[in-house]
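Asker: sequence and predicted structure below; questions after.
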2 protein chains.
Amino acid sequence: MSVARLFLAAAALCLAACSPLPLRGTGDLGVVIERASGSVEIIDTSARAVLATVAGLGDLSHASVVYSRDGRYAYVFGRDGAISKVDLLQQRLDRRIVQAGNSIGGAISQDGRLIVVQNYVPGGIKVFAADTLELLADVPTVYGDDGRRSKVVGLADLPGNRFAFALFDAGEIWIADLADPRHPQLTKFHDIGRQPYDGLVTPDGRYYLAGLFGEDGIALVDLWHPEQGARKILSGYGRGEEKLPVFKMPHLRGWSVAGRRAYLPAVGRHEVLVVDTETWREVDRIPVKGQPVFVIARPDGRQVWVNFAIPDNGSVQVIDTDTDRVTATLAPGRAVLHLEFTPRGEEVWVSARDDDSILVYDTAKLQKVGELPAESPSGIFFTSRAQRIGF
Amino acid sequence: MSVARLFLAAAALCLAACSPLPLRGTGDLGVVIERASGSVEIIDTSARAVLATVAGLGDLSHASVVYSRDGRYAYVFGRDGAISKVDLLQQRLDRRIVQAGNSIGGAISQDGRLIVVQNYVPGGIKVFAADTLELLADVPTVYGDDGRRSKVVGLADLPGNRFAFALFDAGEIWIADLADPRHPQLTKFHDIGRQPYDGLVTPDGRYYLAGLFGEDGIALVDLWHPEQGARKILSGYGRGEEKLPVFKMPHLRGWSVAGRRAYLPAVGRHEVLVVDTETWREVDRIPVKGQPVFVIARPDGRQVWVNFAIPDNGSVQVIDTDTDRVTATLAPGRAVLHLEFTPRGEEVWVSARDDDSILVYDTAKLQKVGELPAESPSGIFFTSRAQRIGF
């Protein structure tokens, strides 16, 4: 009997220690934001399957996601200032903090140790330890002489554990060097233009660009040559003289770079602009079906996929970058909000919010090869983002 | 007692079913080839730790590795024609087959379902199912009129489940389309130059290049325009008129592309060549310490790291791609054989074979930050390769 007891004790220990979930790799996982229900789906792009739904993430309108460098944890940034750390393997919420009143996304450092969030209210960035979400630094974006704090937009991670962001109210771009995370070192660029509303860094980490809402044009900083300061490019880019009605202000994050060219949504026009990233001059305009929102390159750069603002948000168009013309128009479903390519580009996953559906397309044949249920899906984010700069 | 028996049965089931190994992400894992002992180390780049050693992989001189798309399995291609599938999570050999007498590496399809190997003896490629290693197709590289088979070199995966490779004896480049894996469709380019000895595809999947041993120059195919055929570029590239002594023929896989420029080892000279990838003309030569072997760009393209043939194989040099000049010379250890960057480039891991050591460098500070033991280490391969084209 004592042997049996011993065995029972061992069995109990094993039951407690071991997970019912099998070992699995994380390279083909991702999450889909279910904005209406405050939940995320965990998906598997190899099996084209929904593995689990994790709820309790709060207000996920305008949510974005970054990943831990091992691909196990998704950090979901909600509009309500929360950071939710989701464990894709245990399929549960690992931890969650509310760190501000109104937030607009975050980023993860090159070494994966730091999470940085950009806040509207109160304006500034905050730095957290990626493992525990412990607060390490708080950088209020105070500008001018009377202590006002600016809203922060366009946060992007840079090589060397640095981050770039723009101050909407101040018209400034700041770079925070977090070599010592508790003591951020700031470099500030003043008078970069009126009301920067979004920003991005090019995939090589060299150029930081901030779109301007208060005037036409884009502010650009060459991060390899910060001593040259910020300069204005694409002075015609923006709402322009005619002040066209803009149904949805496109995100700069909807830009993409393929080879030496950047493809970006024209504001208020049925066009995708093509810009040479060496001269930063416009070299082409591609007519498309509606006002573009996301303009996303397949990882090899041969195709660029475009979705649109209402009333054309049931369509997606495909541009061949060899000819810079539209070669296909697809109708994935109602209210297409986002697209995400599999890491090597053989498929693209498309969210159709009003059909409660995720559509999977083969990018070579331009045919639908799969469909998954999701509740009002918006953003789709794969773990391969962990391995890229500026995501 | 029957309850206890039931419990014992349940416990036994659980013990059988559940692994003693904890759940973990695979995005920060990799393997190091231990060539002398026919084993691989499984390493963790977040913890900078060796997790396990897996032995029994045969002849690992000239070994290479690709990864399953979930990052869980490493496929190790040995010189002896074996494919060893290593489970990084169970830390053991999952399966192993010997598929040829003399082999020189393999590749994995864009969708992760197919493993393709290139064989010297008997000459040809073979196609296997990635999960089971079942043989799906055998493509002998027969050329000319008398049924001879050519050695195959320079195998590279392309977008669309296609593969490119070169025929050393035939002077040809073939493209195999594996949309139907059991019935490969071949496209052949004849008379591409004498004795192609290695090949690569650019990171965007557009250009396939084969280095020539039998003459100077490189054969190039624009895969977006196969109707244009192969053409010869860099006619001065090779051993040249003087037939310099070449201590180690550099792999073309040692090339790298940063921005619109390719950096490549000059053959037999103490120089790194810089080539414009739009014109495919040489635009610069950078003096370096010895005969370069691997010339590898940091993922953001700002730095290029170079190792050397004997007698300079204890050194590594760093080129700043903004100025195209050497900015640092490091001495990691004796017989530096390979370098691998972490996915976002904050570190580089360097193998020093004759010191039985892996050195880890911070690429921003150019300082050594870690050291791990390994038995005669050669190649280092991280799971992030699963997510890239042409690796």
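Answerer: Nice, thanks for sending it over. Residues are numbered from 1 along each chain as shown, chains lettered A, B, ... in the order given.
Asker: and A:K368, how far is that from chain B?
Answerer: Using Cβ to the nearest Cβ, to the nearest Å, one gets 16 Å for the distance from A:K368 to chain B. From N, CA and C alone the C-beta is placed, and that goes for glycine too.
Asker: same thing with A:S351?
Answerer: Distance check for A:S351 against chain B: by Cβ to the nearest Cβ, it reads 21 Å.
Asker: which is the next helix or strand following the host helix or strand of that residue?
Answerer: Using DSSP states H and E, the element containing A:S351 is strand A:347-352. Using DSSP H and E, the helix or strand that follows strand A:347-352 in sequence is strand A:357-362.
Asker: that next one - contacts with which helices or strands?
Answerer: strand A:347-352, strand A:367-373, strand A:377-382 (3 or more Cβ pairs under 8 Å, 6 or more residues apart in numbering or on different chains; DSSP states H and E).
Asker: tell me the bridge partners for A:Q303.
Answerer: Beta bridges link A:Q303 to A:D320 when assigned by DSSP bridges.
Asker: check contacts around it.
Answerer: Contact analysis of A:Q303 by Cβ atoms under 8 Å, 6 or more residues apart in numbering or on different chains lists A:A297, A:V318, A:I319, A:D320, A:T321, A:T363.
Asker: any chance of a PyMOL selection covering the buried ones in those?
Answerer: To isolate the buried members of the contacts of A:Q303 in PyMOL, using 16 or more other Cβ atoms under 10 Å in any protein chain shown:
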select buried, chain A and resi 297+318+319+321+363
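Asker: how about low-confidence regions in the stretch 101-250 of chain A?
Answerer: Low-confidence segments of the stretch 101-250 of chain A (pLDDT under 70): A:239-250.
Asker: comparing the helices and strands packed on strand A:357-362, which comes out most buried?
Answerer: By mean neighbour count, with neighbours taken as mean count of other Cβ atoms under 10 Å in any protein chain shown, strand A:347-352 ranks first of these at a mean of 24.
Asker: residues making contact with that strand?
Answerer: Contacts of strand A:347-352 (Cβ under 8 Å, 6+ apart): A:30, A:32, A:43, A:45, A:298, A:305, A:307, A:314, A:316, A:332-342, A:357-363, A:369, A:374, A:377-380.
Asker: can you state the direction angle for that strand and strand A:357-362?
Answerer: Interaxial angle, strand A:347-352 versus strand A:357-362 (axes from the mean of the first three to the mean of the last three Cα atoms, to 10 degrees): 160 degrees.
Asker: what about the closest residue in space to A:F382 that isn't next to it in sequence, distance to A:G124?
Answerer: Counting by Cβ to Cβ, 6 or more residues apart in numbering or on different chains, the nearest residue to A:F382 once its immediate chain neighbours are dropped is A:G30, at 3.8 Å. Counting by Cβ to Cβ, to the nearest Å, the separation of A:G30 from A:G124 is 30 Å.
Asker: show me where the stretch 201-350 of chain A has strands.
Answerer: A:207-212, A:218-222, A:230-233, A:256-258, A:261-265, A:271-276, A:281-287, A:292-297, A:303-308, A:316-320, A:325-330, A:336-341, A:347-352 (DSSP state E, counting those that start in this stretch).
Asker: coming back round to it: which of the contacts of strand A:347-352 are buried?
Answerer: Among these, those classed as buried by 16+ other Cβ under 10 Å are A:30, A:32, A:43, A:45, A:298, A:305, A:307, A:314, A:316, A:332-333, A:335-342, A:357-361, A:363, A:374, A:377-380.
Asker: so how far is the strand holding A:S351 off the chain centroid?
Answerer: Distance of strand A:347-352 from its chain centroid, counting by Cα atoms, centre = their mean, to the nearest Å, is 15 Å.
Asker: same deal with stretch A:57-69?
Answerer: Remark: stretch A:57-69 is offset 9 Å from the chain centroid, using Cα atoms, centre = their mean.
Asker: quick one: buried residues of that stretch?
Answerer: Buried residues in stretch A:57-69, counted by 16+ other Cβ under 10 Å: A:L57, A:L60, A:H62, A:A63, A:S64, A:V65, A:V66, A:Y67, A:S68, A:R69.
Asker: that one near chain B at all?
Answerer: Yes: counting by Cβ under 8 Å from any Cβ of the partner chain, chain B has neighbours in stretch A:57-69: A:Y67, A:S68, A:R69.
Asker: now do the same contact list for the last one.
Answerer: Contacts of A:R69 were listed using Cβ under 8 Å, 6+ apart, and they are A:I108, A:D111, A:G112, A:A386, A:Q387, B:G27, B:D28, B:T45, B:S46, B:P343, B:R344.
Asker: try it again at 7 Å.
Answerer: A:G112, A:A386, B:G27, B:D28, B:S46 (Cβ atoms under 7 Å, 6 or more residues apart in numbering or on different chains).
Asker: kindly report the same for the second one.
Answerer: By Cβ under 7 Å, 6+ apart, the contact set of A:S68 is A:G112, A:A130, A:A386, B:G25.
Asker: is it true that the first one touches A:A130?
Answerer: Read it as A:G112. Yes: counting by Cβ atoms under 7 Å, A:A130 is a contact partner of A:G112 at 6.1 Å.
Asker: between those two, which is the more surrounded one?
Answerer: With neighbours defined as other Cβ atoms under 10 Å in any protein chain shown, A:G112 and A:A130 compare such that A:G112 has more, 25 against 20.
Asker: is the more buried one in a helix, a strand, or coil?
Answerer: Assigned state for A:G112: coil (three-state reduction, DSSP: H, G, I helix; E, B strand; the rest coil).
Asker: excluding its backbone neighbours, what's nearest it?
Answerer: A:G112 sits nearest to A:R69 (Cβ to Cβ, 6+ apart), 3.3 Å away.
Asker: pLDDT score assigned to the one you found?
Answerer: Per-residue confidence (pLDDT) for A:R69: 96.
Asker: ok, the closest residue to A:V152 other than its chain neighbours - contacts?
Answerer: Using Cβ to Cβ, 6+ apart and skipping the chain neighbours, the partner closest in space to A:V152 is A:Q118 (4.0 Å). Contact analysis of A:Q118 by Cβ under 7 Å, 6+ apart lists A:S103, A:I104, A:G105, A:G106, A:I125, A:V152, A:V153, A:L155, A:F165.
Asker: and with 8 Å instead?
Answerer: Going by Cβ under 8 Å, 6+ apart, the list of residues near A:Q118 reads A:S103, A:I104, A:G105, A:G106, A:I125, A:V152, A:V153, A:G154, A:L155, A:F165.
Asker: who wins for neighbours among the residues you listed?
Answerer: A:V152 (29 neighbours).
Asker: I'd guessed that one sits against A:A166; true?
Answerer: Yes: counting by Cβ atoms under 8 Å, A:V152 touches A:A166, with 7.3 Å between them.
Asker: show me what contacts A:E340?
Answerer: Contact partners of A:E340, counting by Cβ under 8 Å, 6+ apart, are A:G30, A:V348, A:W349, A:I380, A:F381, A:F382.
Asker: show me what the second one is bridged to.
Answerer: Which is A:V348. For A:V348, the beta-bridge partners under DSSP bridges are A:F341, A:Y361.
Asker: distance check, it against B:R96.
Answerer: Relative to B:R96, A:V348 is positioned 35 Å away (Cβ to Cβ).
Asker: coming back round to it: which strands and helices lie in contact with the helix or strand containing the residue nearest to A:F382?
Answerer: Using DSSP H and E, A:G30 maps to strand A:29-34. On a contact count with 3+ Cβ pairs under 8 Å, 6+ apart, strand A:29-34 meets strand A:39-44, strand A:73-77, strand A:377-382.
Asker: show me what that strand pairs with in its sheet, parallel or antiparallel.
Answerer: Here, using DSSP bridges, strand A:29-34 pairs with strand A:39-44 (antiparallel), strand A:377-382 (antiparallel).
Asker: what is the rounded mean pLDDT of it?
Answerer: Averaged across strand A:29-34, pLDDT comes to 98.
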